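> Quick one, fold the following:
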Amino acid sequence: QVQLVESGGGLVQPGGSLRLSCAASGSIFSINAMSWYRQAPGKQRELVARITNGGNTNYADSVKGRFTISRDNAKNTVYLQMNSLKPDDTAVYYCKGSGVFITRGDGPYMYWGQGTQVTVSS
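Have a look, this model is predicted:
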């Protein structure tokens, strides 16, 4: 059983920073890509940032230059450094692991974390 657990959310003032973490645990052989999504009330879930196991990244236009995704492959952990936060960044942030192999030949699977709330407000 593979689990993704996010942490690091909270309440921050506009212009502030937060660092989210997502650790994947369980029987894992490899994970191709790890991503952060977010969902604000009344809106669809959207991709925020994605990083492959080779380190290639892509970002939503709305966060470019403010957010940085990084990854520790040895720990199966992905991070999201969020700077210059705005009220529009308020959402539940979800971690996703895709292209997950339990063993060399068992996969690929996709897993989601349970989400962590980020609130940007004065």
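> burial measure for Arg38, as a count.
By other CB atoms under 10 Å, the residues close to Arg38 number 23. C-beta coordinates here come from the backbone N, C-alpha and C atoms, glycine included.
> Apart from its neighbours in sequence, what residue is nearest it?
Ala91 (3.8 Å; CB to CB, 6 or more residues apart in numbering).
> Look up which residues are beta-bridged to the one you found.
Val118 (DSSP bridges).
> can you pull the pLDDT of it?
Per-residue pLDDT puts Ala91 at 98.
> ok, now Gln1?
86.
> Strands along this structure, start to end?
3-7, 10-12, 18-25, 30-39, 46-52, 57-59, 67-72, 77-82, 91-101, 109-112, 116-120 (DSSP state E).
> tilt between the longest one and strand 116-120?
To tie it back to what came earlier, the one meant is strand 91-101. Counting by axes from the mean of the first three to the mean of the last three CA atoms, to 10 degrees, strand 91-101 lies at 140 degrees to strand 116-120.
> Now do strand 91-101: distance to the chain's middle.
6 Å (CA atoms, centre = their mean, to the nearest Å).
> Report all helices and strands that it contacts.
strand 3-7, strand 18-25, strand 30-39, strand 109-112, strand 116-120 (3 or more CB pairs under 8 Å, 6 or more residues apart in numbering; DSSP states H and E).
> ok, and which of the ones you listed has the densest surroundings?
With neighbours taken as mean count of other CB atoms under 10 Å, those reach their highest mean count in strand 30-39, at a mean of 21.
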